[in-house]
Every structure is written in structure tokens, then in C-alpha cells.
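Chemist: Would you be able to build a 3D model of this:
(one chain, ligands or ions: 1)
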Amino acid sequence: MEEPLFPPPLFHPPLHRQRHQFVIDFVKSNKPQKVLDLGCCECSLLKRLKFHREVQLLVGLDIDGTKVKKKMYELAPLSTDYLQPSYDQLRVELYEGSVTERDARLRGFDLVTSIELIEHLTLADVERFSEVVFGYMTPAAAIVSTPNCEYNPLLPGLRGFRHSDHKFEWSRAEFKSWALKVCSEFGYEVEFTGVGQPASGYQESVGFCSQIGVFRRLERGDDSNVLGGHGAEEVYSYTLLYSINYPSLRDNNILQRVLVSEVLSGAEKLKSRWMEKKSGEGNTSSATFETEEEEEEHTGGCTGGASEDQEEEDEGVCWTDFQSRQDSCTSLRCVSVPLDVLWSCCPRVNTLSGSLGNLRRLLMDEPDVELSQDGNAVLVNCLEQDLEEEEAEDDLEDSGYEPASRPHSAAAEQEEDWEASV
Ligand code: SAM
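Modeler: Residues are numbered from 1 along each chain as shown. This is a model prediction of the structure:
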């Protein structure tokens with residue numbers, strides 16, 4: 001082939017990003033739930049794939065555990081994943097092992113990717129790779145990329161292979177011949193494409209810089225092409241390096257924790273709004289919100305900025321006395337926020353619980369939430385400051401409030417008791 005007459009093309013974005021983007025686009029349009037990346041190296045593709053929440057199981061395999069360990073903790077959930085878990089589920093597993101060995105944990109994936117890996121294997125190992133991946137793992141789809149040696153003359157200063165560890169670099173015809181053999185042996189079909197376009201005029205003669213085969217398993221209705229299928233012994237040859245389950249609202253413990261925190265903050269906000277309104281300042285709170293976001297932030301997702309709406313929503317919020325479960329001798333003054341008010345005012349409480357009945361059931365044995373005796377209202381304890389504000393109001397006496405039952409008096413009494421006993 002003649003030397004190119006112009007400077008070689010630079011890839012924007014870089015070629016490795018284009019290869020990963022190819023996989024990401026495939027994932028976006030095909031929505032696989034279980035994805036396995038072979039030769040995952042420092043997990044850079046996996047790190048991008050974890051943001052595609054249709055993926056529920058993300059697995060990486062590499063023969064070089066040291067490379068995997070270098071960055072594997074970057075696959076851990078972020079603090080926001082714990083603070084605001086979603087309903088999506090994600091489990092990540094990373095293994096050390098060779099693609100030439102079988103391992104039962106890596107069977108039955110929706111998508112297997114092998115990005116710039118096969119050229120690092122000897123031709124004998126490529127045969128084993130074909131058997132293990134297409135004959136044993138039998139993914140529904142596989143994306144295999146490898147250098148196209150026909151492009152090499154366009155790479156400036158390149159002598160020999162693109163990397164010292166490459167055992168071969170195939171032309172398009174060689175890649176096609178291998179891929180078609182795989183298809184006929186193991187029941188797949190393949191489409192050829194690539195990333196890294198040469199300058200116009202060179203496309204036909206050299207093709208893409210990285211050639212890609214997209215394989216899809218043919219549904220034959222039997223497993224005659226599946227190696228180690230029914231009745232075969234389970235093999236585990238890989239070493240698990242890392243595994244993590246992302247927090248999900250499908251986990252009942254997490255759902256309960258998030259619901260309790262939404263209930264407590266929703267009830268607290270409804271209480272404050274009701275108390276402000278009672279003290280004649282209610283309208284100012286809705287008047288000071290300049291944007292919807294500001295109001296959302298202030299109300300914690302509890303709806304109703306207009307004062308008429310608030311009046312309706314606050315219906316049923318009232319003072320009550322309550323006997324603490326922990327300390328039956330102490331009666332505290334609280335604000336009672338009916339569960340139906342919470343349920344209808346706080347969209348997140350509504351979504352997380354699903355129904356008012358569920359909400360009651362989920363809160364029933366929850367130690368962090370005080371419910372009224374009939375279980376129909378959340379009791380929000382009043383801080384000393386709330387009560388001092390309330391005390392300043394002339395309508396305090398009308399509410400039937402008894403100073404002797406104030407929490408601060410009870411707390412003060414308790415403190416005196418402790419002082420006396422030490
Ligand atoms: N796939 C990665 C990406 O897209 O960023 C880069 C692949 S890197 C060029 C090749 C990787 O294949 C290396 O991390 C190497 O350790 C791994 N590898 C080589 N032989 C392997 C084998 N037999 N089984 C599993 N991984 C292997």
C-alpha cells in the first residue's frame with residue numbers, strides 16, 4: 001500500500017473512547033440487563049456502564065488482577081446512591097481469570113464485550129476463547145473489537161504491531177473468516193462495523209482503525225451448540241476480586257429507612273407550617289418562595305404553596321398529649337399529623353409507601369416514629385423553642401395547653417434527678 005500523502009487523521013474523541021461509546025450506544029438501544037466485559041483492564045468501560053440503570057449485573061474479567069485492583073473501588077456506589085437510592089438494582093462483580101477457561105458464573109449474559117483483547121492471545125488461545133465465549137458462555141449478544149492491520153500504514157511512525165504484547169493483527173478478511181467460523185460452529189450471526197474512520201477516499205481501501213463484529217445468538221430451540229450444557233459439572237476457575245450491591249429501594253430495609261426519613265421530615269414540615277399559621281405568620285412562608293425549586297426545598301417535596309391549599313392540607317393537624325413508649329411516666333405535648341395528610345401532601349411518602357394502608361403498616365413497629373394510639377397520625381414532639389414561641393401567643397390558653405406537661409420541664413426534672421443521684 002502507498003504511503004498516505006497527508007498527515008494521518010487524529011481521532012476525536014480518542015479511539016478508545018469511540019470503542020467504549022460504541023458499546024454504550026448498543027446498551028442504550030438494546031437494554032441488556034447482564035453485561036460482562038472481558039479483558040476489562042482498569043475497568044474504564046465498566047465505570048461508564050454503571051450509569052446505565054437498565055444494567056442490573058455488571059461483571060468484569062481480566063487475567064491481570066493487579067490492573068483490575070488498581071481502580072476497582074471506583075465502581076463502588078457514590079454517597080448519593082446511598083442518600084437517594086433508586087428502584088434500579090445493580091450488582092458489580094470483578095474476577096481475575098483467563099477467557100480461555102470456563103467458569104459457570106459467567107454464563108447466560110445478555111451482552112459480552114471483548115474490546116481489543118483477542119489480539120493479546122495466541123491463535124491457539126483464540127480458538128479456546130471462541131469455544132469459551134460462544135460455545136460455553138453463550139451470551140445473547142457479543143461485541144468483539146480488534147485492530148484492523150490494513151489501517152496501520154496510516155498510523156505515523158508505526159513499525160510492526162500497534163502494541164508489543166499483540167500476537168497478531170488481522171486484516172478485515174482474516175477477522176471476517178474467524179467470525180463467520182464462530183457463527184457457523186456456535187449458532188450466531190454477525191455484522192461488521194468499526195470505529196476510527198480514515199480520511200475520505202481511504203474508507204474503501206483500509207476500513208476502520210478498530211474493526212468490530214457484533215454477534216447475535218440465533219434461536220435454534222436446542223442447545224446442540226452449547227458446550228458444558230445440561231448435566232455438565234459446574235466449573236469455577238476465576239477468583240472473585242470485588243463485588244458490591246448498589247442500594248436499591250427494592251431492598252425492604254433501604255425502603256423502610258428512606259420512608260422513615262421522608263415521613264419524619266414531612267411531618268416536621270407540616271407541623272412547622274401549621275404552627276406558623278396558627279401564630280399568624282402562615283402566609284409569609286408561601287409568599288417568600290420565589291421559585292418552585294425554592295418551595296420544594298422548603299417543604300421537602302410536600303405540596304401546596306397557596307395558603308388556601310395549605311388550610312385544606314393542614315386539616316386534622318392539632319395539638320395532642322402523648323405518652324412516650326420509652327418513658328411512660330412522662331407526658332409530652334406534641335403536634336399530631338394525620339397519616340392521610342402526610343400521604344397526600346408528601347409525594348415521596350406517597351410513592352414509597354404505595355397506599356395509606358401500607359404506610360400505616362410500615363410505620364407500625366418503627367421505633368423512630370411515634371404514632372398516635374389508633375395508629376392514624378404521626379406525633380411530632382415540640383422543641384422547647386417551638387413551645388416558647390407558642391407561649392408568647394395569646395391563644396395559648398385557648399388551646400388547652402398545660403405548662404406542667406412541657407417537655408422542657410420534664411427534661412429539667414430528669415436532669416435534677418441525675419444530679420441528685422451522682
Ligand atoms: N478492554 C480494555 C478497554 O477497552 O479499555 C482494554 C483491553 S487491554 C488492551 C487488554 C486486556 O486484556 C489487558 O488488561 C489484559 O490483561 C487482558 N488479557 C490478556 N489476556 C487475557 C486473557 N487470557 N484473559 C483475560 N484477559 C486477558
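Chemist: Output the below-cut-off pLDDT ranges for the stretch 201-350 of the chain.
Modeler: 221-233, 281-314, 322-331 (pLDDT under 70).
Chemist: Mind doing that once more with 90?
Modeler: 201-205, 219-234, 250-253, 271-334 (pLDDT under 90).
Chemist: Just the helices from it, written as ranges.
Modeler: 203-206, 252-278, 282-287, 292-299, 307-313, 339-345, 347-353 (DSSP state H, counting those that start in this stretch).
Chemist: quick one: buried residues of the second one?
Modeler: Meaning helix 252-278. Going by neighbour count (16 or more other C-beta atoms under 10 Å), the buried part of helix 252-278 is 255, 257-260, 262-278. For glycine as for every other residue, the C-beta is placed from the backbone atoms N, C-alpha and C.
Chemist: Just want the residue of the stretch 101-250 of the chain that's nearest the ligand.
Modeler: Closest approach of the stretch 101-250 of the chain to the ligand (C-beta to the nearest ligand atom) occurs at Ile115, with a separation of 3.6 Å.
Chemist: brain fart, the stretch 1-150 of the chain
Modeler: Gly39 (3.0 Å).
Chemist: which non-adjacent residue is nearest that residue?
Modeler: Excluding the flanking residues, the one nearest Gly39 by C-beta to C-beta, 6 or more residues apart in numbering is Leu117, at 3.4 Å.
Chemist: Distance check, Gly39 against Leu249.
Modeler: Going from Gly39 to Leu249 by C-beta to C-beta, to the nearest Å gives 34 Å.
Chemist: got a list of contacts for stretch 28-35?
Modeler: With contacts defined as C-beta atoms under 8 Å, 6 or more residues apart in numbering, stretch 28-35 is touched by 27, 49, 52, 54-59, 108-113, 140-141.
Chemist: Quick check: phi and psi at the residue in the stretch 251-400 of the chain that the ligand sits nearest to.
Modeler: Proximity to the ligand, evaluated over the stretch 251-400 of the chain using C-beta to the nearest ligand atom, is greatest for Asp251 at 31.5 Å. The phi and psi values for Asp251, taken as degrees, to the nearest 10, are phi -80, psi 120.
Chemist: Nearest spatial neighbour of Leu356, chain-adjacent residues omitted?
Modeler: Nearest non-adjacent residue to Leu356, counting by C-beta to C-beta, 6+ apart: Trp343, 5.1 Å away.
Chemist: what's the answer for His166, then?
Modeler: Glu119 (4.6 Å).
Chemist: ditto for Asn376
Modeler: Leu339 (5.7 Å).
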